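K.L.:
I'll drop the sequence and a predicted model, then ask my questions.
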Amino acid sequence: MTVTVTISGEGIEFEREITENTAVQLMQLTINNGAAGNGTSEEALTDTAATEPTDADDEHTAPTDASDDTDADQQEPEALPSNFFRRLSTKQEAMIKVLLDADGQLTSSELRQQMEEDHGVETGGGRALAGIIAGLTRKYGNDFELIDVQWGDDQGLYQLNPDYPQYIEEIEDYFGEQQED
């Protein structure tokens with residue numbers, strides 16, 4: 001059985017699937033406020049968590065079959081991972097919804113403001129946006145480029161990646177169905 005752990009705070013958001021054993025160790029660590037009274041230490045937890053397999057495998061890894069005629073770098077996924085919407089954090093969902101509703105690119109301050117106004121999600125500053133996107137990368141790999149970020153006027157310019165219209169269509173369909181319910 002895997003457990004999803006979410007850690008959030010000022011300027012950080014982290015979500016990862018871990019094993020039940022690691023979850024128990026993490027709970028013990030937080031209950032003891034980091035004290036090593038039960039033999040659990042942050043280092044031991046880090047070592048265990050780093051080596052445990054999870055079912056959060058990258059679903060966007062290109063096939064490595066030698067019989068595949070196409071270059072793996074040129075293949076792009078046709079759909080979002082099957083568990084994509086279930087695994088979104090509150091902040092990731094808010095960011096995606098704001099970008100979906102946006103007319104073009106949003107600056108980082110516009111994006112943060114819309115996330116707070118429209119969805120009640122405070123990001124705690126510009127670095128948090130990078131953390132939200134990093135959470136998607138951790139879940140789905142470096143090749144998962146749902147959100148396009150460019151730099152202009154000392155601010156990030158954010159939009160859903162127009163190179164992946166199939167992703168945008170799936171997101172529109174999913175959130176459109178949610179609104180109808």
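P.N.:
All right, it came through fine. Residues are numbered from 1 along each chain as shown.

K.L.:
after the helix or strand bottoming out on mean pLDDT in the chain, next one along is what?
P.N.:
Sorting the helices and strands of the chain by mean pLDDT, DSSP states H and E puts helix 42-51 at the bottom, at a mean of 43. The C-terminal neighbour of helix 42-51 among helices and strands, as given by DSSP states H and E, is helix 84-87.

K.L.:
Residues contacting the helix or strand just after that following helix, please?
P.N.:
Downstream of helix 84-87, the first helix or strand assigned by DSSP H and E is helix 90-101. Residues outside helix 90-101 that contact it (CB atoms under 8 Å, 6 or more residues apart in numbering) are 8, 13, 88, 106, 111, 114-115, 118-119, 121, 123, 128-129, 132-133, 135-136, 146-147, 158-160, 168, 171-172, 175. Placement of C-beta: from N, CA and C, glycine included.

K.L.:
Can you list the buried residues in helix 90-101?
P.N.:
By 16 or more other CB atoms under 10 Å, the buried positions in helix 90-101 come out as 90-99.

K.L.:
can you redo these as a markdown table with pLDDT and distance to N83?
P.N.:
Below are the buried residues of helix 90-101 laid out as a markdown table (pLDDT from 0 to 100; distance: CB to CB, whole Å):
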| residue | pLDDT | distance to N83 |
| --- | --- | --- |
| T90 | 94 | 16 |
| K91 | 95 | 18 |
| Q92 | 96 | 13 |
| E93 | 96 | 14 |
| A94 | 96 | 19 |
| M95 | 96 | 18 |
| I96 | 97 | 15 |
| K97 | 97 | 18 |
| V98 | 97 | 22 |
| L99 | 97 | 20 |
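
K.L.:
Quick one: list the elements packing against the helix or strand encompassing Q113.
P.N.:
Element membership of Q113 [criterion: DSSP H and E] is helix 108-119. Helices and strands touching helix 108-119, as assessed by 3 or more CB pairs under 8 Å, 6 or more residues apart in numbering; DSSP states H and E, comprise helix 90-101, helix 126-140, strand 155-160.
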